[in-house]
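Colleague: got a sequence here, can you build the structure:
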Amino acid sequence: MTVAHDDPHVARLFERMALLVSDGIGDPLDVHEHLVELAMANSPDVARYWKQVGVGVGVPDTAYKDGGPHLFPDAPPVRVFRTSGTTGSVRGSVRYSKLGLELKGIAIAANARRHLLTGDVRPAVLSFAPSEEAAPEMAIAFDMARLAEACGDPRFSAAVVGSDGVDFDLLARRLDAAVAEDLPVVLVGATFAFVNICDALQAQGRSWQLPAGSRMYDGGGFKGRSRIMRVDDLRVAVRRVFGIERHGNIFGMTELANMLYDASDTPVGPLGERPKGHHPAGGPKVRDPRTREHLTEGHGLLEVTDLSLLDRPHVLLTGDLGVAGPEGVAIAGRIAGSTSRGCSLTLDEMTGGAA
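Modeller: Okay, here's the model as predicted:
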C-alpha cells in the first residue's frame, strides 16, 4: 500500500531526518530502513530493481533521464530541478514535494555551516552561479542561496552570474568592500567557472589579496572538457588572482539533496582529487562494477547515500569513478562512455568558457 505525502508517518520520518541532517541526532540505520520501506511501497520500479540487484543498491543516475522515480505522485511538486545534459541529449529532472524541498534546504545549510563557518565570523559568500530567482530549475542556484543564507554576511554576499554572464563589476565591488572591512571571503562555484573567471580577471589585470580566512570551494570538475587542470594547478590560478591559501572541493548532483565536502587535503585521484568524507546524512562509497560489493580500497562505481532525500530513493549509483581509500572516496570524473552531465556545463557557458 502506498504512503501519501500527508500521511502522519511521513511527517514523523521528516522530523527524524531533519534532526539527523541538522544536528547529527538519531540513528542513520533506522532512517535508512524507513526510507527503503517508503521507496519499495511507493515505487514498483524501485522494488523490482532492488529485487534483482539487492535491496539498497544505488539507483543509477540514468534513471532520471525520463524523470525517474518520484515517491509522492499524490503531491504536486513544488520545485523541479533539471540537469543541463549535453547538446542533443535529454535533460534529466527531479521533483521535490514541499517536505522534500524543506529538508534539502535544511541539509544544505547545516552541512555548509560545518565547513564554512569559523567562530562567529560570517564571511562574504560570493557564488559563481546565477541567483535562485534567475535560474529556478538549476539545483546549484538553490544550493548556493541556502549556503549564503546560512553562512554569509548579507551585506557582502551575492551571486555574481547573470543572464549576460559574470558581472565582473559586482564581483569587484563586493571583493573591494570585503577587503576594506577585513572580512574573509568564500568563493564557491563550478570548477570551470573558476577557470573562466580567473582567465578573464588576469586578462583585465585585476587581482586581490583577500583577508585571512578566505577560501574557495569548486565543484563539478572538468567533465571531459578539452582543457583539464590538475587540482593544484587550479589552486595556483585562484591564489594568483584572489590571494587565497585555503581550498576545497564540493561534489553535488541534481539527483542528490546534499553535497559532499573534502575530508582531507591528501591527493588521491589522477588529477590530485581529494577524498570526500561522510556527514550525518550519509556519504560516498565505491562498488565493484562486477560483484556490486562495496570496496574499501581501489577503483569502482561511485555510490552516494543521502539521508536528506525524501522524494526519491536515497541511494544513488552515479556514472562517476570512485577511488576508495582510508581517508574517504575521491571522485575522479565520469566513467569512460558515460554522458557528460551536470549543472556546471551550463555554468561553463554562462561564465564565458567553452574550452
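Colleague: A helix includes residue 11, no?
Modeller: Yes - counting by DSSP: H, G, I helix; E, B strand; the rest coil, residue 11 is part of a helix.
Colleague: how near is it to residue 305?
Modeller: Distance, residue 11 to residue 305, using C-beta to C-beta, to the nearest Å: 23 Å. All C-beta atoms are positioned from the backbone trio N, CA, C, and that covers glycine.
Colleague: residue 266 too?
Modeller: Where residue 305 is concerned, residue 266 sits at a distance of 22 Å (C-beta to C-beta).
Colleague: the two: who's more crowded?
Modeller: Under the criterion of other C-beta atoms under 10 Å, the comparison of residue 266 against residue 305 puts residue 305 first, with 20 against 14.
Colleague: next up, phi/psi of that one, please.
Modeller: The phi and psi values for residue 305, taken as degrees, to the nearest 10, are phi -100, psi 130.
Colleague: could you pull out the helices for the stretch 51-200 of the chain?
Modeller: For the stretch 51-200 of the chain, the helices defined by DSSP state H, counting those that start in this stretch occupy 98-116, 139-151, 168-181, 191-204.
Colleague: out of those, which comes closest to residue 240?
Modeller: Nearest of these to residue 240, taken as C-beta to C-beta: helix 191-204 at 7.3 Å.
Colleague: pLDDT averaged over that closest one - what is it?
Modeller: Averaged across helix 191-204, pLDDT comes to 94.
Colleague: stretch 153-162 now?
Modeller: 96.
Colleague: any idea how far it is from the chain center?
Modeller: Relative to the centre of its chain, stretch 153-162 is centred 19 Å away, using C-alpha atoms, centre = their mean, to the nearest Å.
Colleague: can you pull the buried residues of that stretch?
Modeller: Neighbour counts over stretch 153-162 (16 or more other C-beta atoms under 10 Å) mark 153, 156-161 as buried.
Colleague: what residues does stretch 38-56 touch?
Modeller: 1-3, 10, 13, 32, 36, 57, 59, 69-72, 292, 312-315 (C-beta atoms under 8 Å, 6 or more residues apart in numbering).
Colleague: got the buried residues of stretch 153-162 as a markdown table, with distance to residue 117 columns?
Modeller: Listed next are those as a markdown table, based on distance: C-beta to C-beta, whole Å:
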| residue | distance to residue 117 |
| --- | --- |
| 153 | 11 |
| 156 | 15 |
| 157 | 13 |
| 158 | 18 |
| 159 | 19 |
| 160 | 21 |
| 161 | 24 |
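Colleague: now, among those, which is nearest to residue 112?
Modeller: Using C-beta to C-beta, the buried residues of stretch 153-162 come closest to residue 112 at residue 157, 12.1 Å.
Colleague: can you pull the contacts of that closest one?
Modeller: 124-127, 148, 174.
Colleague: ditto for residue 300
Modeller: Applying C-beta under 8 Å, 6+ apart, one finds that residue 300 lies in contact with 286-289, 321-322, 324.
Colleague: give me the below-cutoff pLDDT ranges for the stretch 101-250 of the chain.
Modeller: The stretch 101-250 of the chain contains residues with pLDDT under 70 at 223-226.
Colleague: dump the residue contacts of the closest residue to residue 315 other than its chain neighbours.
Modeller: With sequence-adjacent residues excluded and distances taken as C-beta to C-beta, 6 or more residues apart in numbering, residue 315 is closest to residue 58, at 4.3 Å. Contacts here follow C-beta under 8 Å, 6+ apart; on that basis residue 58 touches 287, 303-305, 313, 315-318.
Colleague: next one: residue 58 from residue 250, what distance?
Modeller: Distance from residue 58 to residue 250, by C-beta to C-beta: 20 Å.
Colleague: re the thing from before, if you compare the helices of the stretch 51-200 of the chain, which one is most tucked away?
Modeller: Mean neighbour count, computed with mean count of other C-beta atoms under 10 Å, is highest for helix 139-151 among the helices of the stretch 51-200 of the chain, reaching a mean of 24.
Colleague: contact partners for the residue sitting nearest the centre point of the chain?
Modeller: With distances taken as C-alpha atoms, centre = their mean, the residue of the chain nearest its centroid is residue 252 (1.9 Å). By C-beta under 8 Å, 6+ apart, residue 252 lies in contact with 139-140, 143, 219-220, 258-260, 343.
Colleague: repeat for residue 61
Modeller: Per C-beta under 8 Å, 6+ apart, neighbours of residue 61: 92, 253, 255, 316-319, 341.
Colleague: what sits up against stretch 14-31?
Modeller: With C-beta under 8 Å, 6+ apart, stretch 14-31 has contacts from 13, 34, 99, 102-103, 106-107, 110-111, 258, 279-282, 307-308, 310.
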